[in-house]
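S.K.: Provide a 3D model corresponding to the input given below.
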Amino acid sequence: MTELPEVTFHIYPTDCDMLGHLNHATMLNFLERARWALLEPQINIREWARQPVFSVVRHVDIGYLAQSLPGEDLVVRSGLLAVRRTSYIIKQEVRKVGSSTLVAEASIVFVAVNQKGEPVPVPESWREMLPQWPEPE
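M.R.: Numbers count the residues shown, from 1 in each chain. Got it, this is the predicted structure:
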């Protein structure tokens, strides 16, 4: 299996909803932070928004498969699933640390846009910057 970057998050009571489960908005935040962790070692974050092409979220598909509770740690794996002409898909999976329990799976579709917000081809360098999600065995 291809090694993908992993980011670990600890769940605090403030991350949870009124029933004591990890709030879905917090999960989306964990996923976004894990995606930034893919880029941070390779780019200057402060200059990212000034580049001629950047990406915007077009669609988020997430499935929740197990509950997550305060005190637990989650690990998020992220990788490039597919690249199309003007869009690309990042796949992410969330598991409980120390367990094989799959908590959530997500696919996020991004569109490459210019400074006017118009779709443009995904830059070739982006295809190499992000780790590839492994092919199913």
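S.K.: can you give me the strands in the protein?
M.R.: In the chain, the segments counted as strands under DSSP state E are 6-10, 53-64, 73-83, 87-96, 102-114.
S.K.: just these: most buried one?
M.R.: Among those, judged by mean count of other Cβ atoms under 10 Å, the one packed with the most neighbours on average is strand 87-96 (a mean of 20). (C-beta placed from N, C-alpha, C; glycine too.)
S.K.: can you give me the mean pLDDT across it?
M.R.: Averaged over strand 87-96, pLDDT sits at 97.
S.K.: Who are the packing partners of that strand?
M.R.: Here strand 87-96 touches helix 24-39, strand 73-83, strand 102-114, going by 3 or more Cβ pairs under 8 Å, 6 or more residues apart in numbering; DSSP states H and E.
S.K.: Can you add mean pLDDT and give the ones you listed back as JSON lines?
M.R.: Conversion of these to JSON lines gives the following (pLDDT from 0 to 100):
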{"stretch": "helix 24-39", "mean pLDDT": "93"}
{"stretch": "strand 73-83", "mean pLDDT": "95"}
{"stretch": "strand 102-114", "mean pLDDT": "97"}
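S.K.: Quick check: which of the strands of the chain is nearest to Asn23?
M.R.: Nearest to Asn23, of all these, is strand 53-64, at 11.1 Å by Cβ to Cβ.
S.K.: partners of that closest one in the sheet?
M.R.: Sheet pairing here is set by DSSP bridges, and for strand 53-64 it gives strand 102-114 (antiparallel).
S.K.: contacting residues around the partner strand?
M.R.: Counting by Cβ atoms under 8 Å, 6 or more residues apart in numbering, the neighbours of strand 102-114 from elsewhere in the structure are 27, 31, 35, 52-68, 74, 81, 86-96, 119-123, 126.
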